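Chemist: Okay, structure incoming, though there's no sequence with it:
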């Protein structure tokens, strides 16, 4: 009985805590919300982006709003790679923490969960590496500092058809991953166009997130004898996929997307992934702007290793928002949004950022190849 | 029935009505004054009430161990989404592969879509129940888990119908506070009436001893199937509500983790207690958010001094929840309420309400097992 | 479908099947004794793999030493798990034990996430397991040859233990009727602990072999294999060790050969196991080698 009363009382207190009185006071810090997956399936990607954001914050901890120099405070919430959590996390940032802008998330489906929330509250959000077109479509308040999959797909298709002179390809895609499905489609469309052959894609084989055995799909694939294999899945499965392919005696080259770029890909794949080619956002060998050099130096100093591409994007996300705040001279949502939208040729670590009408960044893509157990720069592709 | 009991019953009914009105007023106030985050948590509590009660119906009151809830939720969510999205939104979403023609132009009003969501889920539940309920409890658990996985895999692969892995976004925001809590209230009311009816007694008889129940003339199999189907209906509605609150769904949402969350609520509240499920829905939903700090760096402070600070350990929150579940199952199996239900007599016995002459010694457990 | 192609598919199926079989044995042993679906079995499998990994990475032990160490530690963990999570609930309704199992499974997984981190880790496969063998157009890795050998060795050993030793007889007694066994002065707790220890050891062995074949660790790696191996055990006849082996091979074969002949269904692969389970449960619930009486072999 007493326990019951106590529970009710506790709940009442917690719920009533929701009735917050609106305090109108002078802001002394600028809060930037960071909402990323720190646990769950996408934890690695989230962690890499946060590294970049934190580095930028350490290097540029203040922002000029009007004539005041204010400190920037990062509020990090974990969306657990889960949609419901993502919505809660975003809502918390926007309502409880009252952030000025939101950075995140790795994983387009998670960003989409935050979409309606930031739109309603008129808080601009910047995604760093989410490439699904749906994230920004129809949402004036969502931006992204990376290219979108339609572009990335064509980059690899061009490489396959022109560089590798491939005529026939097989696509192996992670059917439960929107990124993989989308990228596969864009690749297929472009590849068919370039080869002029409707049947240039011999087959589309699927696997699910978390699968570890691909021998069945690969054996079928081996019999088809493709010139090239496009496998735009996450690095977790892709490394195993390529390893098993080599074990089965498949020699065709493997092409992939930016999700391959993680140390684990090399760690797990070891010799098997030698020669794998992928498209991504940024190459440390080819610093594009002055910011790239600054970023690389700072990162190498702090972590003594090479940064991932999404880390550079995280770095850029922070800087782009900061610059927009300074440009707008205010922390008001709609004005900040407009300032962001007018960003043009902003020098980010991963290239010049210009938001197009859809708030996507038109950036060049970088193609890398795995050589000597490292991701090595191959070439840059302009949009 | 003595005059006293009748009077007591009437008084209890009045109290219940008063409490319901008070809560409705609270919701009205909350809708106006709460910030969006707290409101979201509050509405999530409501949805969890629906989901927890639907799971409790099968697991708690009928004694079947079903782990397939996420599958019915998924079906409900997708049904409602596809029926309420405008053709323009559908075109926006299905940019990779166009939607099947017969779904493209369909748009129905929300209440109808909600009922349809429940109906489709119930139909699926019925189809699954017929074969699955013949199995023993542990096999039933795995079989229902299997069905949920099959549903998820199918939803992921049927690109022209569900948009596959890309998911759907832009679901109309029809699930406001009023809608969610009306559904929750209806669910509670329905469950209370069901449990007190002859049908409810049959369910409890089956739970307690199937053979004895059969000997008493209960059509065990049919009762189980009906219970499972009703539970699936409610799960479908719950899933639809969840979808409309989030305004975006994809197959990855509806994994076993989701079923586990609901199971957590049911176990903590007490398997077989409606009140327990309601209270635990609130408790777990609120705690999930309140304990977020566990995922960040933890610091022990005294005044201005920081004694020590641990590193951020993402995932600690879920460790605490799992440990909590284990603790409840091991040490207080009955959860918060066991199989008892709330009754105004509790307050009388505790001395918070005046005792009636004639004593309440005999009273107390209305509608409980 | 040419012959060499089919043979390769078959080789793949046997390789995967033998792995499923090895893990299913542990599952079926525990179920036979306690009528408990040990949801945590897949997570014990994960622990074994991680322990072997850390043994090599931190203590720089050679692979066979870290393997043995991991097996022993995991066996001890399994015994502990039974003591803490299942023994107190032995007289409780089945639903409580199952919830405890699910809770234990989630707890181990989440602790794993906190301790090991959510990012996957690459495993260094021992040389002897990493040799490519090619025979008439069919390629397999040496680990895929080792695993069936181990599986059958374990099968033989267990058959011997269960049929020919006193402990085995006690195990059979406990699985037939726990209370009657108690009356026969059999130390039921000790037998159950032994079974759990052995089952967990096999799970760990399965996990380590799995990590040699698919050299990537993550804290959630045991969920799907655990589920599938339980299905394999059910198909073969839960409680029967040779049934588990048969079920494992059968599941591997059906999973891979269906995709081999119907490549358009690759996306539905996980569903096959569950469909198969439901079909078996409807047609012959006691499994292929199970009788109405639960017998070990």
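Modeler: Arrived safely. What you are looking at is a predicted structure, and each value in this text was computed from that prediction instead of being measured.
Chemist: how about the residues of chain C near chain B?
Modeler: Contacts of chain C with chain B, taken as Cβ under 8 Å from any Cβ of the partner chain, map to C:35-37, C:84-85, C:88-89, C:92, C:94-96, C:98-100, C:102-104, C:106-107, C:110-111, C:113-114, C:118, C:227, C:230-231, C:234, C:267-268, C:270-271, C:273-275, C:277-278, C:281-282, C:285. No exception for glycine: its C-beta is placed from N, CA and C like everyone else's.
Chemist: Got a ChimeraX select line for the buried ones in those?
Modeler: Restricted to buried positions by 16 or more other Cβ atoms under 10 Å in any protein chain shown, the ChimeraX selection for the residues of chain C next to chain B reads:
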select /C:35,36,37,85,88,89,94,95,96,98,99,100,102,103,104,106,107,110,111,113,114,118,227,230,231,234,267,268,270,271,273,274,275,277,278,281,285
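Chemist: near chain A, from the residues of chain C next to chain B?
Modeler: C:113, C:118, C:267, C:270.
Chemist: Sitting in strands, which of the residues you listed do you find?
Modeler: Counting by DSSP state E, no part of those is found in strands.
Chemist: Out of these, which one has the weakest pLDDT?
Modeler: Here the lowest pLDDT out of those sits on residue C:118, with 77.
Chemist: Pull the contacting residues for that one.
Modeler: A:39-41, A:43-44, B:314-315, C:218-219 (Cβ atoms under 8 Å, 6 or more residues apart in numbering or on different chains).
Chemist: Start from the N-terminal end of the stretch 51-200 of chain C and give the strands.
Modeler: C:121-122, C:132-135, C:138-141 (DSSP state E, counting those that start in this stretch).
Chemist: From the contact counts, what lies against the second one?
Modeler: Spelled out, that is strand C:132-135. strand C:138-141, helix C:142-164 (3 or more Cβ pairs under 8 Å, 6 or more residues apart in numbering or on different chains; DSSP states H and E).
Chemist: let's see it at 6 Å
Modeler: With contacts defined as 3 or more Cβ pairs under 6 Å, 6 or more residues apart in numbering or on different chains; DSSP states H and E, strand C:132-135 has no helix or strand neighbours.
Chemist: That one - what's its average pLDDT?
Modeler: Throughout strand C:132-135, pLDDT has a mean value of 86.
Chemist: quick one: strands adjacent to that strand?
Modeler: Using DSSP bridges, the strands paired with strand C:132-135 are strand C:138-141 (antiparallel).
Chemist: Give me the contacts around the partner strand.
Modeler: Identification of contacts with strand C:138-141 by Cβ atoms under 6 Å, 6 or more residues apart in numbering or on different chains yields A:247-249, C:7-8, C:11, C:133.
Chemist: before we move on, the earlier item: could you dump the ones next to chain A among the residues of chain C next to chain B to JSON lines with distance to residue B:273?
Modeler: Output for these, formatted as JSON lines (distance: Cβ to Cβ, whole Å):
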{"residue": "C:113", "distance to residue B:273": "32"}
{"residue": "C:118", "distance to residue B:273": "36"}
{"residue": "C:267", "distance to residue B:273": "41"}
{"residue": "C:270", "distance to residue B:273": "35"}
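Chemist: Check these and tell me the two furthest apart.
Modeler: Using Cβ to Cβ, the pair of these lying farthest apart is C:113 and C:267, separated by 27.3 Å.
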